[in-house]
Each structure stands twice: as C-alpha cells, then as structure tokens.
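Asker: Prediction below, plus the sequence it came from.
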Amino acid sequence: MKLDLFIKGELIDLLIPTREFALSSNWYSWFNDKKTTRFLEQGLFPNTREKQAEFFDNESSNGQRLFLIISDKQNYIGTVSLSFINYQKKTASIAMLIGEKPAGSKYSHLIALESMARLIEHGFTSLGLHRIDAGSHELLCKFQQKIELLGLRLEGITREGFNKGLETADAVKIAVLLKDYLKLIEIRGSYWDSAEKMDERIAKLPQIKFIEHFRKFMNTIGDDYYDKLSKL
C-alpha cells in the first residue's frame, strides 16, 4: 500500500503510517530481528501485526509521539520518531530504527542521518521545540559522531545505563538545542544542504571522537577525584 508523504527529503521521504499499514506490512517484524534491535530496548518479546496496530492506535492519539515511516524513495525501510513531546518545556526525544537494507546508491549510508535531520528540523520549525535529545549505546559512537554534524552534543554517559539480557553497557546522552540548529543554518544556509556536502564533512571528521576525550577525563581525573572522596 502507498503511504502519504509528510516530509520530503533528498535521499528519503518521511511518510504517515496508518493502521492498515501496521496490519498489512512487515513493520512489526523489524522489532523481531535480533540484529536490528541489538542496541534497542525492544526485541525482548515477539511482536505481531496486531500488537503493531495496537501500538499505532495508542501512540497516534496521545499527542506525545510523532512517528513516521522512512522511505528510501523505493521501499519502506524504517521508522523515526519524536517521543515524550512536552510543549510546555519545549522538549522531545528522537529515536530511529532501520529495519530494511536501503536500496543501493552512492549515498545510501546517509539515509539514517538525513532521516534524523528532517525530523529534528520539523521539531524545531513546526512543533516549536527548543531541545531534542537522544540516547545511544556506547558501541554506537561512530554513528554518534556523524550526527554531531546535526548539532547534537555529548552531554554525559550513564554508567551501566543499558541493560538487556546478560549485557550491561554504558548509555550515551546527546542533545541538540534550537540555538545549535540555528547556528548551523547560519553557517550552511540550510540544515541539510546536500548529501554530497554531508558526505564531505563525514570524511573530515576528527579521528579522535569527543566521547574518547570525555571517557579519558572520566577515567583519569574523574576516578582520581571520586577515589579521594571515598577516603575522606
């Protein structure tokens, strides 16, 4: 079935899901794939079309979540969402899942990045948000560095903040503010100027990621500081 367009992009389009889509598509199955949900809280229990339709019914009516289907211009490949939308505090959280392999193209590796960029821009310009945050598994530091090109900044590390099955890992907190978004527009002319330019920026990213500097600080100065405190 064909979904209606909500946000048009360069490499991707963000489309409006429907209950019929939840019941007829393989949307539900993305959350059953262990590789897809490796770094997500989902995937602990089997998902079904009926459960996906129930999710759609509940979340599409509460006004605190905006979720859209990602299209690579050919197929439906994932979902991106703003959750915990608070219009008083002007805040929200962004999350994304790529459930299908994008169609091969020169810039297919930028599809996730543009999907986040388009929804972040909608959050600031249409919803009037001032802050959009996200959380990620510590092993996703390579992608985290890429989305720093969208103005997201490391704000902290939650020790053992990710727990799933037998795995315990640190969780990384990142966020972009309205002023960060506006600064990038002032510099670039637009938030997402082109896939070509974004690809050039990725190639120029520092070899040492900011999170590596932060971890070094925490593991040296931080550990020394709290070790001294424990002995007071």
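Answerer: Thanks, I have the structure now. Numbers count the residues shown, from 1 in each chain.

Asker: So in the protein, which helix runs the longest?
Answerer: Counting residues, the longest helix in the chain under DSSP state H turns out to be helix 111-125.

Asker: Let's check: the centremost residue of this protein is which one?
Answerer: residue 95 (3.7 Å; C-alpha atoms, centre = their mean).

Asker: just the strands in this protein please.
Answerer: 4-8, 13-16, 66-71, 76-86, 91-98, 131-137, 153-164, 167-177 (DSSP state E).

Asker: any residues touching the lowest-mean-pLDDT helix or strand in the chain, and which ones?
Answerer: Here the helix or strand of the chain ranked lowest by mean pLDDT, DSSP states H and E is helix 49-59, holding a mean of 92. With C-beta atoms under 8 Å, 6 or more residues apart in numbering as the test, helix 49-59 has contacts from 17-19, 22-24, 27-28, 31, 65, 67. (C-beta placed from N, C-alpha, C; glycine too.)

Asker: how about 10 Å then?
Answerer: Residues outside helix 49-59 that contact it (C-beta atoms under 10 Å, 6 or more residues apart in numbering): 17-31, 45, 47-48, 65-67, 81, 83.

Asker: Could you list the buried residues of the longest helix of the chain?
Answerer: By 16 or more other C-beta atoms under 10 Å, the buried positions in helix 111-125 come out as 111-124.

Asker: cool, and stretch 140-152?
Answerer: So stretch 140-152, judged by 16+ other C-beta under 10 Å, has buried residues 141, 143-152.

Asker: Out of these, which is nearest to residue 196?
Answerer: The closest of the buried residues of stretch 140-152 to residue 196 turns out to be residue 149 (C-beta to C-beta; 13.5 Å).

Asker: quick one: contacts for the closest one?
Answerer: Residue 149 neighbours (C-beta under 10 Å, 6+ apart): 113, 117, 184, 192, 197-198, 201-202, 204-205.

Asker: Could you tell me which of those residues belong to helices?
Answerer: 113, 117, 184, 197-198, 201-202.

Asker: Can I have the buried ones of the residues you listed as a ChimeraX selection?
Answerer: Selection of the buried residues among the ones in helices among the contacts of residue 149 in ChimeraX, burial being defined by 16+ other C-beta under 10 Å:
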select :113,117,184,198
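
Asker: can you tell me how far the residue nearest to the centre of the chain sits from residue 65?
Answerer: Distance of residue 95 to residue 65, given as C-beta to C-beta, to the nearest Å: 10 Å.

Asker: do residue 99 as well
Answerer: 18 Å.

Asker: Check residue 86 too.
Answerer: Residue 86 is 12 Å from residue 65, by C-beta to C-beta.
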